[in-house]
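> Here is my input, please return the structure:
(2 chains)
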There are 2 protein chains.
Amino acid sequence: MQNQTIKGFRASFLDVIADPFYETEADCVRYFPDGLLVVEHGKVKDLGDYETLYPQYADIPITYYRDRLIVSGFIDTHIHFPQMEMIASYGEQLLEWLSTYTFPTERKFADRNYALEISSLFLNELLRNGTTTALVFTSVFLQSTDAFFEEAQRRNLRMIAGKVMMDRHAPDFLVDTAASSYLETKQLIEKWHKRDRLLYAVTPRFAITSTSEQLTNAGKLLAEFPDVYLHTHLSENVKEVETVAEFFPESEGYLDVYDRAGLVGSKSVFAHGVQLTDREFARLSEAKSAIAFCPTSNLFLGSGLFKLEKAKSSETPVKVGLGTDVGAGTSFSILRTASAAYQVAQLRSQKLSAFKALFLATLGGAIALSLDDKLGNFEIGKEADFIVLNLRSTPIMALRNKSSDQAIATTLAEISDQLFATIIMGDDRAIETTYIMGEKAEF
Amino acid sequence: MQNQTIKGFRASFLDVIADPFYETEADCVRYFPDGLLVVEHGKVKDLGDYETLYPQYADIPITYYRDRLIVSGFIDTHIHFPQMEMIASYGEQLLEWLSTYTFPTERKFADRNYALEISSLFLNELLRNGTTTALVFTSVFLQSTDAFFEEAQRRNLRMIAGKVMMDRHAPDFLVDTAASSYLETKQLIEKWHKRDRLLYAVTPRFAITSTSEQLTNAGKLLAEFPDVYLHTHLSENVKEVETVAEFFPESEGYLDVYDRAGLVGSKSVFAHGVQLTDREFARLSEAKSAIAFCPTSNLFLGSGLFKLEKAKSSETPVKVGLGTDVGAGTSFSILRTASAAYQVAQLRSQKLSAFKALFLATLGGAIALSLDDKLGNFEIGKEADFIVLNLRSTPIMALRNKSSDQAIATTLAEISDQLFATIIMGDDRAIETTYIMGEKAEF
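Predicted structure coming up:
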């Protein structure tokens, strides 16, 4: 029985199996202080207490991560790969930031080789930060989308991406047309969607840089390929919302612009939503669309404080995942993103617990991306993308997360406390190893 | 001439010599892409362009930090050493956070040996993060203050600290009396103030935990020892401000409580000031008092957004330094603190440039602590506390701060851009080495 298709991992395990925004937290998580995860053919075969489970798997090779916590791989529901190199650009809010920094940088991605080079650095950085799945903006250039998918395919990653559609209000070197974007997107869907672990997202940049005709074409693509995603920006910044209202006087608000083009559905993911109205939250809830909450970006660009408690209300529940939104976001780390989410909640007199944050980073992200049948926790049959966390990866974290008796937290309260401190203070150093389909990722 | 009392350091150098909030930025900084710093007897003897200056110092030993930027040591104007181990405690705003986490933790500091142990870890962590001077809350226990000063003295650090005075509204195990706090503080001042590089700060915790009698005694100490500091908290949180108004109905606002006790002067440093009124800003300006701006703490506790532009106005200018406020602050890093300050500014539609942030972290902090005759830049005669920065200390920073032609930024615009990215993304890893009085710090 000892072969490479089945193997075990011994460590502490924590996963989220239901939504702690709606159910008792203790019922939403599973914690095994000394657990065993069994992986077969890259998928979860079993998870349980080590002592209990071990006898059934006495012959398989087991990797032991002593004093380490294994959780599901993090899911980033909104990020731009061509903006990696311009992260932390100074001094502007959204619209000026786009024209000053973003558009000139994205121009470089007309060069396929450059796009390949940055794709590789970008995926390394995601994996180093424990992110195993992301929903990714490429650039307007089809060859940059191709490059990204090739690199993700080579690494056997579950990634969702799409070519940016933008046919106005951007420099000439960065626009396509309603017709060309339709054709190129169609070609890319046929080439990449469901190829290995890859999935496609129809990706109009945002309402300001697309004509109605282009948005209509995006809707046409969704109708033709009903299982692809829609990925765009929505209601990030006050001035942006005002501009959209000017550009689309016939629409009843920003979301309605997308709705009229048939872009608001259960596989639609809208980044930001900081300025959403109650009516728009209700519409997103009804349509089963998702929001990518990007707190480091919202703080860095001064966009505002996302109303998470509104999105996670009982009345109009909306699917929410975390997004780093690099390059407006300031870190690839979902830990640092969750830390910023906690700050946003505090400034709104709300509380974001460690388990709620972990939900957003894992199962919540999977639900937002309609991938909860495949990812987000260690339920049997799911894909074994997971990360090994060191909760004491810096001197201050070692002091803070020192357990009284044992190295590993034994109670749910204790692991919640240590996970919280890791969210607030942790970064890429807390991610010791990243596994993709049960294999150690190289980067 | 070659001996250990005089030595040189070759690297890029950047320092701030005037306040960029009031003068043209380019006139406020000095940048030497290839510079030479000469240190004699622990103080700055010279700084200039390497090629120009080198011939005068041909015989001295020179340490070359290639591709590194040397700046003055960071100054933390507000931090609590006994709260180190409870950093990142979950879910509360100020007053509940104090009673739930802080008070039980500070109790441990009645034990002198424990206080010594944490003092050492605490100073290690400051130095690892490039902070060479700090204004420090100890605990109510005199022995914890002694322990802190002993450890700081052993390392030859310029530190300001004081025993906490608190005689009410705290657990019995954590209160002194108006009389005992007066006597113990006096004893500590006589023992430690101006001993080697150490300085004393009279430290009532805040108006809520001190009786009028204790505040009056604090004022009496300041009158008896006119060159010691006053260090306390002010107007951090809305509920706190309301409580102070209840407790001191005769006072015209929070600051006035301190003013009536004679605590508002040119060596007074008030942490936070998030909720200050215009009249209070004017009074602080008039009194030449300083504010410690603690953005990671203000975001973590949800206290609010400090009005930096008000403090740095021309009408009522107030001295401002950065404070980490560990343990309510979430990092020992002044880089991360400056990054949070940028977010606060953005949320208020203000801009905090890299040079302004560097000012707050160095010369601004020195001015706030009335130490600008000794610290804050490389002016001749100042104490040579400085840090060696690696602007490319992580893969993403290496990509972001890649210069087009050369490893070292050659222009002011380029170093400003790279410093900004280092502020936004950097942490302890960016601090390669810390020097105290020209000697490499061990930690």
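
> ok, A:R279 touching A:D256?
No: look at A:R279 against A:D256 with CB atoms under 8 Å: they stay out of range, at 9.3 Å. C-beta coordinates here come from the backbone N, C-alpha and C atoms, glycine included.

> Domain boundaries for chain A, per the record?
A:6-72+A:376-440, A:74-368 (automatic domain parsing).

> Just want the most central residue of chain A.
A:D76 (1.5 Å; CA atoms, centre = their mean).

> Which residues are in contact with that residue?
The neighbours of A:D76, taking CB atoms under 8 Å, 6 or more residues apart in numbering or on different chains as the test, are A:126, A:131, A:133-135, A:321-324, A:332, A:334, A:337, A:365.

> Stretch A:351-369 and chain B in contact?
Yes: residues of stretch A:351-369 contacting chain B under CB under 8 Å from any CB of the partner chain: A:K351, A:S353, A:A354.

> among the residues you listed, which ones are buried?
Neighbour counting with 16 or more other CB atoms under 10 Å in any protein chain shown marks A:S353, A:A354 as buried within the residues of stretch A:351-369 next to chain B.

> between the residues of stretch A:351-369 next to chain B, which is closest to chain B?
The closest of these to chain B turns out to be A:K351 (CB to the nearest CB; 4.9 Å).

> Looking at the stretch 1-150 of chain A, what residue ends up closest to chain B?
A:A88 (3.8 Å).

> Need phi/psi at that residue.
The phi and psi values for A:A88, taken as degrees, to the nearest 10, are phi 60, psi 50.

> cool, A:A11 as well?
As for A:A11, its main-chain torsions (degrees, to the nearest 10) stand at phi -180, psi -170.

> Can you read off the pLDDT for it?
A:A11 carries a pLDDT value of 97.

> Neighbour count: A:R279 and A:D256, which is higher?
Neighbours were counted for A:R279 and for A:D256 using other CB atoms under 10 Å in any protein chain shown; A:D256 has more, 18 against 13.

> ok now do the more buried one, which residues does it touch?
Contact analysis of A:D256 by CB under 8 Å, 6+ apart lists A:F248.

> Check A:F206 too.
Counting by CB under 8 Å, 6+ apart, A:F206 makes contact with A:T232, A:H233, A:L234, A:E240.

> May I ask which of those residues has the most neighbours?
A:L234 (29 neighbours).

> Bridging across strands, which residues link to that one?
A:L234 forms beta bridges with A:H272, as assigned by DSSP bridges.

> how close does it get to A:L94?
For A:L234, the distance to A:L94 equals 12 Å [CB to CB, to the nearest Å].

> quick one: the lowest-mean-pLDDT helix or strand in chain A near chain B?
Every helix and strand in chain A was compared by mean pLDDT, DSSP states H and E; the lowest is helix A:94-97, with a mean of 90. No: between helix A:94-97 and chain B, judged by CB under 8 Å from any CB, nothing touches; the nearest distance is 10.6 Å.

> about what we covered before: inside strands: which ones of the contacts of A:D76?
If you go by DSSP state E, these have A:T131, A:T133, A:A134, A:L135, A:G321, A:L322 in strands.

> any idea which of those is closest to B:T5?
Ranked by distance to B:T5 (CB to CB), the ones in strands among the contacts of A:D76 are led by A:T131 at 52.0 Å.

> Could you name the helices and strands sitting against the host helix or strand of A:A201?
For A:A201, the host element (DSSP states H and E) is strand A:199-204. On a contact count with 3 or more CB pairs under 8 Å, 6 or more residues apart in numbering or on different chains; DSSP states H and E, strand A:199-204 meets strand A:158-162, strand A:164-165, helix A:178-192, helix A:212-224, strand A:229-234.

> Please identify the deepest-packed of the ones you listed.
Most buried of these by mean neighbour count (mean count of other CB atoms under 10 Å in any protein chain shown) is strand A:164-165; its value is a mean of 28.

> What strands line up against that one, and which way round?
According to DSSP bridges, strand A:164-165 forms sheet pairs with strand A:199-204 (parallel).

> which residues sit against the partner strand?
A:135, A:137-138, A:158-166, A:185, A:188-189, A:192-193, A:210, A:214-215, A:218, A:221-222, A:225, A:228-232, A:263, A:269.

> Spell out which residues of the stretch 101-250 of chain A are next to chain B.
The stretch 101-250 of chain A comes close to chain B at residues A:L121, A:N124, A:E125, A:R128, as judged by CB under 8 Å from any CB.

> please redo it, this time with the cut-off set to 7 Å
Within reach of chain B by CB under 7 Å from any CB of the partner chain, the stretch 101-250 of chain A has these residues: A:L121, A:E125.

> quick one on the thing from earlier: adding distance to A:A179, write the contacts of A:D76 out as CSV.
Listed next are these as CSV, based on distance: CB to CB, whole Å:
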residue, distance to A:A179
A:L126, 33
A:T131, 35
A:T133, 32
A:A134, 29
A:L135, 26
A:G321, 33
A:L322, 36
A:G323, 30
A:T324, 33
A:F332, 35
A:I334, 38
A:T337, 37
A:G365, 34
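
> For burial, what's the neighbour tally of the residue in the stretch 151-300 of chain A that chain B sits nearest to?
The stretch 151-300 of chain A approaches chain B most closely through A:L299 (4.0 Å), counting by CB to the nearest CB. Per other CB under 10 Å, the neighbour tally for A:L299 reads 25.

> The residue lying closest to it once chain neighbours are set aside: which element?
Closest residue in space to A:L299, ignoring its immediate chain neighbours: B:Q343 at 4.0 Å, by CB to CB, 6 or more residues apart in numbering or on different chains. Element membership for B:Q343 (DSSP H and E) is helix B:334-347.

> one step back: report the contact partners of the residue of the stretch 151-300 of chain A closest to chain B.
Residues near A:L299 by CB atoms under 7 Å, 6 or more residues apart in numbering or on different chains: A:A340, B:Q343, B:Q346, B:L347.

> Highest neighbour count among these?
Top of the contacts of A:L299 by neighbour count (other CB under 10 Å): A:A340, with 27 neighbours.

> ok, that one to B:E250 distance?
42 Å.

> Could you do A:F32 as well?
59 Å.

> Looking at the two, which one has more neighbours?
Counting neighbours by other CB under 10 Å for A:F32 and for B:E250 shows that A:F32 has the greater number, 21 against 8.
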